[in-house]
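>>> using only what follows, build the 3D model:
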Amino acid sequence: MMIFFQQDKHRHLDTTLIASSQGVTFLFCATASESSEKQCFRSFYSHRTALGDRSRPSSGIRILHRKEALFWIRNVSLCLLMFLNFVATESGNCCRADEADMKSMNQDFAAPKSMLLSQSLETTPIDMAGVFSLIGVQNPEFLAAQQRVLEAAALRQLAAVQLLPTINLGTNFDSHTGTLQQPTGNMLTVSRQALFVGAGASAIGAGTVNVPGVVWNLNVSDSYYRYLISRQVQTSKMANTVTVNNDVQRRVATAYLELVRAAGIRSISWQARQDFAEVARITKAFAKAGEGRPADENRATVELLRRDNDVIESEGKMLSASARLAALVGLDTAVRLVPTDRWAVPHSIVPEPISLPELLTIAALRRPELAEQRAEFAQTLLALDGAKMLPFSPTVFLGFSSGAFGGGSDIASALAGSTPNASGQERFGNFQSRADLDAIVYWSLRNLGVGNKAQIAASESRVRQSEWQQLIVLDRVRAEVATAYVRVHARFHQLSTAEEAIRESELSWREDLKRIRGNDGLPIEVLNSQRLLVRSRLALLNTIINYNIAQFELYHALGQPQSELLVRNAIDVESTEDVVPSPK
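The predicted structure is shown next:
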């Protein structure tokens with residue numbers, strides 16, 4: 001039905017109403033004269049021409065003159081106004097009701113603030129390079145290993161300087177009152193005093209200086225082998241430092257990837273909650289309208305509550321992973337660490353073309369644990385050689401002292417001739433220079449040689465223990481490389497399966513969600529699809545994180561070699577395809 005109101009420019013027609021309904025056209029003409037039918041027809045055809053209709057209807061046209069037309073125009077206008085007012089009122093009420101219901105439903109299914117456990121904590125973004133840079137600054141295990149290296153270096157220096165003499169500077173005062181026995185056996189009562197000042201100490205009577213000023217006292221072979229052993233000890237401690245550093249880096253990398261995993265689980269949990277909230281809203285709307293079952297609404301609500309628990313649990317895992325990583329790098333565990341990686345992406349550290357035998361060779365050359373064992377084995381060999389040389393190596397003692405020595409006694413200070421030993425000297429004085437040189441060289445057989453034999457047997461046993469320990473560590477390294485190699489390849493093949501599963505899960509979920517929005521399917525179907533989608537997302541996330549962890553474990557098992565040992569040219573990579581021999 002089309003209605004046009006128009007006033008002719010010549011004012012021959014006051015109002016023209018053209019109404020078309022079911023093939024019949026009515027011309028309501030309010031004219032100045034009831035005989036102006038031709039003018040009414042011209043107005044009708046001008047309106048049809050304006051609409052693009054140039055055909056002339058042969059029937060179904062009715063002309064109403066002024067009085068009748070005015071009556072119909074007034075009634076039709078009133079009916080139209082009433083109809084439009086009714087439509088507008090009902091539409092406004094319906095929209096306001098829908099808006100109120102939507103607002104109420106959104107409030108019902110909104111996430112509670114209690115789920116945000118870490119909202120009040122201070123957050124600090126961090127990446128893999130950042131946590132690695134903190135290992136040598138904050139990690140106590142690595143710092144303790146560094147101190148052990150410094151201790152070994154100091155002990156090596158101490159072993160080296162054993163070839164240098166020791167200097168002693170000092171003084172001593174000796175006073176005796178009472179009976180002494182002379183070399184002839186004669187008992188003599190005397191009161192005497194002596195004082196020594198210079199290089200050395202403990203100069204008493206006619207004996208040598210007991211603490212020489214310059215002394216060199218050592219066993220030649222023992223000092224030499226101790227120095228060689230100290231070098232191997234330092235090498236062992238340095239290798240141990242590399243071992244500790246690699247192990248800390250592995251644990252830090254794993255902790256960071258676990259933090260990325262926790263962040264991914266948190267994101268998946270939030271996304272799953274939003275998806276289940278949408279299903280709960282739809283089922284509640286259908287149940288409220290009487291088009292759905294209350295049981296479906298209850299089931300969707302329970303699933304939404306379970307997703308709330310998953311979100312809270314993911315928040316707790318996020319805080320736990322942050323605390324573990326902060327403890328490893330020496331940061332405040334109260335600060336929440338947030339990974340800068342927004343996506344979990346597979347990272348390949350060890351190139352794919354390298355075969356397992358080649359990786360085992362690289363590990364045997366690069367693992368610091370094996371270098372540490374080699375240094376310890378060298379220590380046992382040197383200790384065995386030293387034990388065998390000890391009975392034939394002399395112990396050398398050289399001592400030199402020089403200083404001022406003086407004193408006196410009551411017998412020597414008596415008048416000359418009054419007693420056999422009287423000389424009339426001062427009671428205390430007579431200081432003059434004194435020099436002593438002592439040289440002693442001797443060989444030792446400990447416990448009649450039985451002690452030396454037992455020492456050699458113990459050294460031989462330690463050599464054999466070190467050999468077996470080397471094999472134990474080598475087997476452990478080989479097992480770690482093989483295990484990490486298999487784990488990397490298994491995780492790699494799981495990636496494609498997990499990606500395919502998530503694509504199929506998303507298609508199933510979207511199809512079921514579309515069906516329940518049209519009230520065609522059962523809510524239980526979309527709930528099952530959503531559970532499968534959540535499990536597929538978690539499976540893909542876990543596969544990616546496990547693959548990255550396996551890659552770093554393989555890199556750690558190889559001893560973290562330089563990139564030059566892992567790079568392969570394209571022409572050097574052997575083809576893995578089966579080669580079918582040509583028939584002869």
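>>> so what's the closest residue to Leu169 other than its chain neighbours up against?
If you skip the residues right next to it in sequence, Leu169 has Ala199 as its closest partner in space, 5.8 Å away by C-beta to C-beta, 6 or more residues apart in numbering. C-beta here means a position set from N, CA and C on the backbone, and glycine is covered the same way. If you count contacts by C-beta atoms under 8 Å, 6 or more residues apart in numbering, Ala199 has them with 167-169, 212-214, 400-403.
>>> please export the C-alpha coordinates of stretch 308-322 as PDB.
Below are the C-alpha coordinates for stretch 308-322, written out as PDB (Å, rounded to 0.1, in the frame of the first residue of the first chain):
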ATOM      1  CA  ASP A 308      35.000 -20.400  37.600                       C
ATOM      2  CA  ASN A 309      36.900 -22.900  39.700                       C
ATOM      3  CA  ASP A 310      39.300 -23.500  36.800                       C
ATOM      4  CA  VAL A 311      39.900 -19.700  36.500                       C
ATOM      5  CA  ILE A 312      40.700 -19.500  40.300                       C
ATOM      6  CA  GLU A 313      43.000 -22.600  40.000                       C
ATOM      7  CA  SER A 314      44.800 -21.100  37.000                       C
ATOM      8  CA  GLU A 315      45.300 -17.900  39.000                       C
ATOM      9  CA  GLY A 316      46.900 -19.900  41.800                       C
ATOM     10  CA  LYS A 317      49.100 -21.800  39.300                       C
ATOM     11  CA  MET A 318      50.200 -18.400  37.900                       C
ATOM     12  CA  LEU A 319      51.300 -17.100  41.300                       C
ATOM     13  CA  SER A 320      53.000 -20.400  42.200                       C
ATOM     14  CA  ALA A 321      55.000 -20.400  38.900                       C
ATOM     15  CA  SER A 322      55.900 -16.800  39.400                       C
END
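>>> just the buried residues of it, please?
The neighbour-count criterion (16 or more other C-beta atoms under 10 Å) identifies 308, 310-312, 314-315, 317-319, 321-322 as the buried residues of stretch 308-322.
>>> quick one on the thing from earlier: from the contacts of Ala199, list the buried ones, please.
Counted by 16+ other C-beta under 10 Å, the contacts of Ala199 give 168, 212-214, 400-403 as buried.
>>> just the residues you listed: which are in helices?
Judged by DSSP state H, helices contain none of the buried ones among the contacts of Ala199.
>>> number of nearby residues for Phe142?
Counted with other C-beta atoms under 10 Å, the burial measure for Phe142 works out to 19 neighbours.
>>> residue contacts, it?
Contact analysis of Phe142 by C-beta under 8 Å, 6+ apart lists 135-136, 241, 244-245, 248.
>>> buried residues of the helix or strand harbouring it, list them for me.
Phe142 is part of helix 140-160 when elements are defined by DSSP states H and E. Neighbour counts over helix 140-160 (16+ other C-beta under 10 Å) mark 142, 145-146, 148-149, 152, 155-156, 159 as buried.
>>> a markdown table for the residues you listed, including distance to Asp332 and pLDDT?
Formatted as a markdown table, the entries for the buried residues of helix 140-160 read as follows, by distance: C-beta to C-beta, whole Å; pLDDT from 0 to 100:
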| residue | distance to Asp332 | pLDDT |
| --- | --- | --- |
| Phe142 | 19 | 84 |
| Ala145 | 23 | 87 |
| Gln146 | 23 | 88 |
| Arg148 | 27 | 90 |
| Val149 | 28 | 91 |
| Ala152 | 33 | 91 |
| Leu155 | 36 | 90 |
| Arg156 | 38 | 90 |
| Ala159 | 43 | 88 |
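>>> in the stretch 201-350 of the chain, which spans are strands?
Along the stretch 201-350 of the chain, the stretches classed as strands by DSSP state E, counting those that start in this stretch are 211-212, 214-219, 336-339.
>>> out of these, nearest to Leu445?
strand 214-219 (13.0 Å; C-beta to C-beta).
>>> pairing partners for that closest one, with directions?
As defined by DSSP bridges, the strand partners of strand 214-219 come to strand 166-167 (antiparallel), strand 395-409 (antiparallel).
>>> show me where the stretch 201-350 of the chain dips below the pLDDT cut-off.
Residues of the stretch 201-350 of the chain meeting the criterion pLDDT under 70: none.
>>> follow-up on the earlier one: tell me which of the strands paired with strand 214-219 lies nearest to Arg226.
Comparing the strands paired with strand 214-219 against Arg226 with C-beta to C-beta, the closest turns out to be strand 395-409 (13.8 Å).
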